[in-house]
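Novice: Coordinates only, no sequence provided:
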């Protein structure tokens, strides 16, 4: 289950980022990249946000757009295979991140990823547990052979899921199959990713 233990595993794994086999592992496919969207503007989403109206949401900053372009450059430069379509949260900042990294029309909105965003707000224990269980099920399913599945979503609150994730941070996951859980391979900041 995604919980405090998962957060602790992430912190322990950060020390292995100098392992030269990490890039080879990413190039081999079979992984899931859980990516937080690029940097958004300061502020809050409006209470009555509309996913089709970006003016009701926090959107990517200019720096965030550059972050997304850099991320895409790293994927292409290192020939890291991606399974299409990429899955993204319905927010404009997530969809724009996906478009800048992978190109227009290469992503698909997954409405469940809005629930990850909702974890940062007061929810019943039942609802929070449902979201975490559903995410776990998603992260257990391997991508198409030789590719990596990419999910562009949101950070988590402290003590939930993977905990806080920086802008364009990536949690690299090895799925073990439905009902068999998954392994967190690494948690990469954008700078870690650029240095691959």
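Specialist: Everything's here; your move. This structure is a prediction, so every number in the text was calculated from the model and none was measured.
Novice: Helices of this structure, residue ranges please.
Specialist: 4-13, 21-28, 62-77, 92-102, 113-118, 125-140, 190-194 (DSSP state H).
Novice: which one of those helices lies closest to residue 155?
Specialist: Among the helices of the chain, helix 113-118 comes nearest to residue 155, with 8.5 Å by CB to CB. Backbone N, C-alpha and C define where each C-beta goes, glycine included.
Novice: Please spell out which residues along that closest one are buried.
Specialist: Within helix 113-118, the residues scored as buried using 16 or more other CB atoms under 10 Å are 113-117.
Novice: Give me the residues contacting that helix.
Specialist: 87-91, 94, 131, 134-135, 151, 153-154, 156, 161 (CB atoms under 8 Å, 6 or more residues apart in numbering).
Novice: switch the cut-off to 7 Å
Specialist: The contact list for helix 113-118 (CB atoms under 7 Å, 6 or more residues apart in numbering) reads 87-90, 131, 135, 151, 153-154.
Novice: Closest one to residue 125 out of these, please.
Specialist: Looking across the contacts of helix 113-118 and measuring by CB to CB, the closest to residue 125 is residue 131, at 11.0 Å.
Novice: What degree of burial does that closest one show, as a neighbour count?
Specialist: A count of nearby residues for residue 131, using other CB atoms under 10 Å, gives 19.
Novice: can you check residue 157 too?
Specialist: Residue 157, neighbours per other CB under 10 Å, totals 12.
Novice: Could you report the distance from residue 78 to residue 195?
Specialist: To residue 195, residue 78 is 11 Å away according to CB to CB, to the nearest Å.
Novice: try residue 141
Specialist: Residue 141 is 29 Å from residue 195, by CB to CB.
Novice: try residue 112
Specialist: For residue 112, the distance to residue 195 - CB to CB - is 32 Å.
Novice: re earlier: quick one: which of the buried residues of helix 113-118 is nearest to residue 64?
Specialist: Nearest to residue 64 among those, with distances taken as CB to CB, is residue 117, at 16.4 Å.
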